[in-house]
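> output the structure for:
(chains A, B, C and D)
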Number of protein chains: 2
Amino acid sequence: MPSDDLPVPVFSKPVTLRDVAAQAGVSVATASKALNGQGRMTAETRERIRETARRLGFRPNSLAQSLLRRRSFTVGLLTNDTYGRFSLPLMSGISDALVDNGVSVFLCNVEEDPRLGQMHVDAMLDKRVDGIIATGKRIDRHLPVDLSNLRVPVIYAFTQPDPDAVAFVSDDVGGARLAVEHFCRLGRKRIAHVTGPASFAVVHARVQAYRDVLVENGLTVSEPLLGSWSEAWGHQAVAQLFDGKSERPDAVFCGNDQIARGVIDALRERGLDVPGDIGVIGFDNWEIVAEATRPPLTSIDMNLVALGREAGLTLLSLVGGKPAAPGIRKLPCRLVVRQSCGHPLDG
Amino acid sequence: MPSDDLPVPVFSKPVTLRDVAAQAGVSVATASKALNGQGRMTAETRERIRETARRLGFRPNSLAQSLLRRRSFTVGLLTNDTYGRFSLPLMSGISDALVDNGVSVFLCNVEEDPRLGQMHVDAMLDKRVDGIIATGKRIDRHLPVDLSNLRVPVIYAFTQPDPDAVAFVSDDVGGARLAVEHFCRLGRKRIAHVTGPASFAVVHARVQAYRDVLVENGLTVSEPLLGSWSEAWGHQAVAQLFDGKSERPDAVFCGNDQIARGVIDALRERGLDVPGDIGVIGFDNWEIVAEATRPPLTSIDMNLVALGREAGLTLLSLVGGKPAAPGIRKLPCRLVVRQSCGHPLDG
DNA sequence: TTCATCTGAGAAAAGGTTTTCTCAAACAAT
DNA sequence: ATTGTTTGAGAAAACCTTTTCTCAGATGAA
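Alright, predicted model coming up:
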C-alpha cells in the first residue's frame, strides 16, 4: 500500500518557488511572501502555500537569494598551515562561530605562494564571500596575500596582521608569566628556560616575561637556552644544563611541549625525578604529547578554539555593519596543570 | 605626478558587465561575448571591450554565472575529524586536486551529530555545490549523515561508504604485508605484532595479513597483542612480550606510530638495542612521531594526500558527467624506511 | 450613492550573466 | 535591379528569488 502523504524525495531538477506557486495556485510573489512571513494574505492562503512547499520539499536557491541580497552567508578562510598544530583548533573555533549563524566556510590553503594566494582571494571575492579570515601557523609572519583595501571585512587570527586591521593573537607574554609564576608559587628557586630559535618573535616575548617574573620574585635569572622546537633539542639542552658549570635548576619552563618531552626524557635518563627533583612546564598543551609524557605534562594552553570563535564572531559583527576598533587583541592563555610541575614544596 | 594608466583599485561597488559595456559603448550581450571569446565581432571591438574590462578591473559575478549555468564550481567537504591526524593530509590532497581546477571547497565538520550533518548537507545543496566528498577519521564508521539519493555526485574517502557509492580507502592489508615482508627480507625470524583495540576493523585486517605473511615465510605465528592506540600500551606490551613465558621476538610490527614509540622507549629502558636486538616498524608514518623516535621510526605511510587527490579528481570527472564504477578502491601504502627496522642480518 | 480606506494578491523590476534570436547593413551573385 | 548570404551587434529570455508597486474588489462612513 503506497503511502501518498510521505514527502517524495526529489531526484531530478530541484523544485523552485515557481513550482510551489503553480501547485498552490498563486503567483510566485505571493508564494515568496507566504514563506517569508511577509506581505498580507489570508491565513488560509499562507498555510496552503507553506504546506505545498513542505510537500514538494522546496528549498530556496541560495545563489538567487545571494545575488539579490548581495550577501552570501559565506566566508573565506585563508591559511598557510595544512598540517597544522595551531590552525586546526583555530579553524574549529572559527567554524563553530560561523555555522551557528548559518554561514559556510570556504577553506583555502595558500601555502607560501603569493600567486596561489591572489588566486584564492580573487575566487572568494568573485563568489561574493561576506568576509575573510586569515590564519597562519606563526604569529610573526604574514600570509603571502595582500588583504588591504578589499571590498569585504577582513580579520586576522594567529597571523601577522596588516596595520589598522582587526586581529586576534594569543597573549604569549601572559602565558609565559603563568608558567613561571606557577613555579614561583610552588617554591621553585632555580628556574631555567629552554625554548625555540631566536627567529621567532614569541621566543623573545616569552624570554622577557620569564626574566621579568624571576626579577619580580627576587630569583636569579639564568641565561635562556635557545634552540629548535624539537624533542632532540630538549635532550641536548638538558646536557647543557647539567654540564656542571652552573647551578642545577629545580624547574624548567619549555617553549613547547615537544621540547618539554625531550627534557623530561633526558632527565629520567639521568636518574632525576620529575617533578620531585625538577619540575617541567611546557607550552601549547598539545594533548597528544602532553598526555603521553611520563609524567603527564603541565602546559600552557593558548585557547586557540576560543580565539578562533572570537575571530569568527567579530567578523560576523563586522559583516553586519557594526564597526570594530582596529588593532591587535591579545587573548589570555591558561595553565593546564598535570603532574610534571609538582606540588608546593615544603618550607 | 599621478599616473593615470595604472589600474585603479575599486573600493565601492563591484564593477559589473553593464559598466564595462557602457564604457566601451556596446551592449552587455556584446561585452559578454567579447570577454568569453564567443559570438562574432570585429577584432577591434573585441579588443576594445577587453581593454575596458581590464582597465575597470572587471570580474564576473560568480553567483550570477552559477545561477545560470547550474554549476557553482564549488564542492562540499564533510568530515567528523576536526583535529585529525588522518583527515588533514586527506583534505590537503582533495584541495589540491580541486583548486587546480578552479573549484572552491566548503569545509564542514559534522562531529558525530546527525542533526548538524543534515544541516550542513542541506546548506551545501542550497548553495548548489557541484558535488560532495565525505571523509572521516575511521574507515569502518559512517559519518552521521545520509548521502544517498542526493542530486549531486558523492565520493567517500577514508570513511565507511554507502553501498554502491564510489569510495577510496587505504589498503591496510597491503600495508601490513609491506611491513612484515620487509622484516622477513631482513632475516628476522620471531616477529611480534602489537596493535590497537579489536573494535577497529583495520586491526583484524592487519592481523590477518600479518599471519598470512608469516605462514607464507614458514615462520611461527605468535598471538598478536591487542590494546589501545597509545604509547602507554606500547610500553605495557613490551612487558608482556618479555615476561619470559614465550620466546623473545627479534622484531615488532606496531599498529601505529605511537605504539611503536612506546615499544621502542620500553625496549631501550630494558637495555635492548633497536634495531640491533629488535627491529620495529610502525604504521601511519606520522612524521612528528616517527622522526622524534630514537632511532627514527620505519613506518607504513597510507599515502593519504594521494588518496585525497584521487578522490577529488574522481569527483570532478563525475561532476563532468563521466560515469565512475561504484565500489571501494583500495590505494596502496608505502614503506618508509628509517632506522628502527635495521639492515639485513647476516646468515 | 459617493468617497475614502483597507485587503488580498498579482505584475514587474531587480540582481548579473549567458545565450538564442533577430535584424539592419553590407556584400556578392544573378 | 533583385535576391541571397554574410557580418556585426543588439534585444530579450533565462536562471530564481525578493520587494515594491499597482489594482480590483470589499468594506465603512457620510
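> centre of the chain versus stretch A:71-83, how much separation?
Stretch A:71-83 has its C-alpha centroid displaced from the chain centroid by 12 Å (CA atoms, centre = their mean, to the nearest Å).
> for residue A:216, give me phi and psi.
phi -60, psi -30 (degrees, to the nearest 10).
> hang on, residue A:71 packs against residue A:130?
Yes - between residue A:71 and residue A:130 a contact is recorded at 5.8 Å, counting by CB atoms under 8 Å. Using the backbone N, CA and C atoms, a C-beta is placed for each residue, glycine as well.
> what touches both of those two?
residue A:319 (CB atoms under 8 Å, 6 or more residues apart in numbering or on different chains).
> higher neighbour count, those two?
Higher neighbour count among residue A:71 and residue A:130: residue A:130, with 21 against 13, using other CB atoms under 10 Å in any protein chain shown.
> now that one. Nearest residue, chain neighbours left out?
residue A:319 (4.6 Å; CB to CB, 6 or more residues apart in numbering or on different chains).
> phi, psi of the one you found?
phi -60, psi -40.
> who are the contact partners of it?
Residue A:319 touches A:71, A:75, A:130-131, A:152-153, counting by CB under 8 Å, 6+ apart.
> can I get the residues you listed in TSV with secondary structure?
Shown next, in TSV, are the contacts of residue A:319 (DSSP: H, G, I helix; E, B strand; the rest coil):
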residue	secondary structure
A:71	coil
A:75	strand
A:130	coil
A:131	strand
A:152	coil
A:153	coil
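> DNA strand D next: which of those are close?
With CB under 7 Å from any atom of the strand as the criterion, the contacts of residue A:319 include none near DNA strand D.
> residue A:73 versus the residue nearest to residue A:130, what's the distance?
9 Å (CB to CB, to the nearest Å).
> what do those two both touch?
With CB under 8 Å, 6+ apart as the test, residue A:319 and residue A:73 both reach residue A:130.
> chain neighbours aside, what residue packs nearest to the residue in the stretch 101-250 of chain A positioned nearest to DNA strand D?
Using CB to the nearest atom of the strand, the closest approach of the stretch 101-250 of chain A to DNA strand D is made by residue A:102 at 13.2 Å. With sequence-adjacent residues excluded and distances taken as CB to CB, 6+ apart, residue A:102 is closest to residue A:73, at 5.7 Å.
> now for that neighbour: which residues touch it?
Contacts of residue A:73 (CB under 8 Å, 6+ apart): A:62, A:66, A:102-104, A:130.
> ok, now residue A:107?
Residue A:107 sits in contact with A:77, A:79, A:91, B:77, B:91, B:95, B:105-107, where contact means CB under 8 Å, 6+ apart.
> repeat that for 7 Å
A:77, B:105, B:107 (CB atoms under 7 Å, 6 or more residues apart in numbering or on different chains).
> in TSV, list the residues you listed along with secondary structure.
Below are the contacts of residue A:107 laid out as TSV (three-state DSSP):
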residue	secondary structure
A:77	strand
B:105	strand
B:107	strand
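> so what's the most centrally placed residue in chain A up against?
In chain A, the C-alpha nearest the mean C-alpha coordinate belongs to residue A:90, at 1.5 Å (CA atoms, centre = their mean). For residue A:90, the contact set (CB under 7 Å, 6+ apart) comprises A:135, A:157-158, A:304, A:307-308.
> one step back: with respect to residue B:286, which of the contacts of residue A:319 is nearest?
Among the contacts of residue A:319, residue A:75 lies closest to residue B:286 (CB to CB), at 31.0 Å.
> now do the phi/psi pair for residue A:134.
Dihedral angles (degrees, to the nearest 10) for residue A:134: phi -110, psi 120.
> quick one: it from residue B:165, how far?
In terms of CB to CB, residue A:134 sits 36 Å off from residue B:165.
> more neighbours, the two?
More neighbours surround residue A:134 than the other of residue A:134 and residue B:165, with 28 against 17 (other CB under 10 Å).
> correct me, but that one touches residue A:159?
Yes - contact criterion CB atoms under 7 Å: residue A:134 and residue A:159 qualify, at 5.5 Å.
> who touches both of those two?
residue A:143.
> helix/strand/coil for residue A:45?
Applying three-state DSSP: residue A:45 is helix.
> who's in contact with it?
Per CB under 7 Å, 6+ apart, neighbours of residue A:45: A:26, A:34.
> next one: it, what pLDDT does it get?
Model confidence at residue A:45, given as pLDDT, is 93.
> and residue A:330, by the same measure?
Reading off the model, residue A:330 has pLDDT 97.
> before we move on, what about the one 4 residues further on?
In the prediction, the pLDDT value recorded for residue A:334 is 98.
> do the same with residue A:343
On the pLDDT scale, residue A:343 gets 86.
> next: residue A:32.
With respect to pLDDT, residue A:32 has a value of 96.
> wait, it sits on residue A:17?
Yes - contact criterion CB under 7 Å: residue A:32 and residue A:17 qualify, at 6.0 Å.
> please flag which of the contacts of residue A:90 sit within helices.
A:304, A:307-308 (DSSP state H).
> now these in CSV, with distance to DNA strand C?
Listed next are the ones in helices among the contacts of residue A:90 as CSV, based on distance: CB to the nearest atom of the strand, whole Å:
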residue, distance to DNA strand C
A:304, 38
A:307, 35
A:308, 32
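> in CSV, list those residues along with neighbour count, pLDDT and distance to residue A:56.
Shown next, in CSV, are the ones in helices among the contacts of residue A:90 (neighbours: other CB atoms under 10 Å in any protein chain shown; pLDDT from 0 to 100; distance: CB to CB, whole Å):
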residue, neighbour count, pLDDT, distance to residue A:56
A:304, 27, 96, 44
A:307, 26, 97, 44
A:308, 28, 96, 39
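> show me what from the stretch 1-150 of chain A comes close to chain B.
A:9, A:11, A:14, A:59-64, A:66-67, A:72, A:82-83, A:88-89, A:92, A:95, A:104-107, A:109, A:122-123, A:125-128, A:149 (CB under 7 Å from any CB of the partner chain).
> can you classify residue A:76 by secondary structure?
Going by three-state DSSP: residue A:76 is strand.
> what helix or strand is the closest residue to it other than its chain neighbours on?
Spatially, and ignoring its direct neighbours in sequence, residue A:76 is nearest to residue A:124 (3.8 Å; CB to CB, 6+ apart). Assigned by DSSP states H and E, residue A:124 belongs to helix A:114-126.
> quick one: is that helix near DNA strand C?
No - using CB under 7 Å from any atom of the strand, helix A:114-126 stays clear of DNA strand C, with a minimum separation of 8.8 Å.
> chain center to that helix: distance?
22 Å.
> for that helix, buried residues please.
By 16 or more other CB atoms under 10 Å in any protein chain shown, the buried positions in helix A:114-126 come out as A:116-117, A:119-121, A:123-126.
> for the residues you listed, which one is nearest chain B?
Minimum distance to chain B across the buried residues of helix A:114-126 is 4.3 Å, recorded for residue A:126 (CB to the nearest CB).
> list the contacts of residue A:309.
A:93-94, A:96-97 are the contacts of residue A:309 under CB under 7 Å, 6+ apart.
> please apply the same query to residue A:154.
A:131-132, A:134, A:147, A:165.
> got those as CSV, with pLDDT columns?
As requested, those are arranged in CSV below (pLDDT from 0 to 100):
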residue, pLDDT
A:131, 97
A:132, 97
A:134, 96
A:147, 95
A:165, 94
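> specify the local secondary structure of residue A:167.
Using three-state DSSP, the secondary structure recorded for residue A:167 is strand.
> now do it, the pLDDT please.
Residue A:167 is given a pLDDT of 97.
> beta partners of it?
Using DSSP bridges, the bridge partners assigned to residue A:167 are residue A:156, residue A:328.
> next: residue A:335.
residue A:300.
> quick one, what contacts it?
By CB under 7 Å, 6+ apart, the contact list for residue A:335 reads A:178-179, A:182, A:300.
> ok, residue A:307 next?
A:90, A:93, A:157-158, A:168, A:170, A:331.
> can you rerun that using 8 Å?
Taking CB under 8 Å, 6+ apart, one finds A:90, A:93, A:157-158, A:168-170, A:331 in contact with residue A:307.
> that'll do, ta.
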